[in-house]
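> generate coordinates for the sequence data below:
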Amino acid sequence: MWRGLVCCWFLWPLWSQAEVFWGQVTHVSDGDTLWVLPSGEQLPRKLRLQGLDAPEICQAGGTAAREALVQLVGNKDVQVSVKYHDSYGRGLARVRVNSQDVGSLMVQSGHAWSSRWHRSLGPYSKEEAQARAAQKGIFANLSAELPRDFRQRNGSCYQPQPNGSYSLKP
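Presented below is the predicted three-dimensional model:
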């Protein structure tokens, strides 16, 4: 038993480290989901920006959030750091473009909320407070709805198609 504990203790730093890679953004699905083709690989990876929650694509502000993310990273080389995966298999990623944190930029510009968890206001709470004070983007509307509340009330913005693909609900 002690051997197992000692082994786990020495291997823990390896398990807890993030995977870091460079790649090119090939597609932006919405304000917090993008596809990155890692350098030297042939298939892009679907990633979700960690630490923020952007409006759903069919929610008020959703299209503007996607366009803001496209402007920041579309077809650009980015540095990606993935430490966790979500329940959909997407890598939860911190992404940097030109040495700037993309999540921070999205929240600062009013295109996303800092992720809330229990009582925490999240990693971008200062950026969100500044965007709220300046009434930028989604924060210009004082009754803007958190994406998690929107999803709970409305479900997904997408509907399955007979061919197995998905399309936006009308």
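
> distance of the residue nearest the centre of the chain from Asp149?
By Cα atoms, centre = their mean, the mean C-alpha position of the chain lies nearest to Leu49, the distance being 2.0 Å. Taking Cβ to Cβ, to the nearest Å as the measure, Leu49 falls 19 Å from Asp149. (Each C-beta comes from the backbone N, C-alpha and C, glycine too.)

> beta-bridge partners for the residue nearest to the centre of the chain, please?
Note on Leu49: beta-bridge partners by DSSP bridges are Ala93.

> around Tyr84, how many other residues sit close by?
Other residues near Tyr84 come to 11 when the count uses other Cβ atoms under 10 Å.

> from here on, count from 582
Okay, using 582 as the starting number, the last item reads as Tyr665.

> and it, that's in a strand?
Yes. Judged by DSSP: H, G, I helix; E, B strand; the rest coil, Tyr665 forms part of a strand.

> any idea how far Val688 is from the spatially closest residue to it that is not a sequence neighbour?
With Cβ to Cβ, 6 or more residues apart in numbering as the criterion, Tyr665 has its nearest non-adjacent residue at 4.5 Å, and that residue is Leu673. As judged by Cβ to Cβ, Leu673 and Val688 stand 16 Å apart.

> try Tyr669
Taking Cβ to Cβ as the measure, Tyr669 and Val688 are separated by 22 Å.

> any idea how far the residue nearest to Tyr665 is from Ile719?
22 Å.

> follow-up on the earlier one: is it true that the residue nearest to the centre of the chain touches Asp613?
Yes. Applying Cβ atoms under 8 Å as the test, Leu630 and Asp613 come out as touching, 4.5 Å apart.

> what residues are shared contacts of these two?
Residues within reach of Leu630 and of Asp613 at once, by Cβ atoms under 8 Å, 6 or more residues apart in numbering, are Met687, Ala693.

> on that earlier part again, show me what contacts the residue nearest to the centre of the chain?
Neighbour list for Leu630: Asp613, Thr614, Leu615, Ala674, Arg675, Val676, Val683, Gly684, Met687, Ala693 [criterion: Cβ under 8 Å, 6+ apart].

> check His692 too.
Shown here is His692, whose contacts under the criterion Cβ under 8 Å, 6+ apart are Gly612, Ala635, Pro636, Gly642, Ala645, Ala646, Ala649, Leu650, Gly718, Ile719.

> neighbours of the fifth one, how many?
Read it as Ala645. Ala645 has 17 neighbours, counted by other Cβ under 10 Å.

> much appreciated, bye for now.
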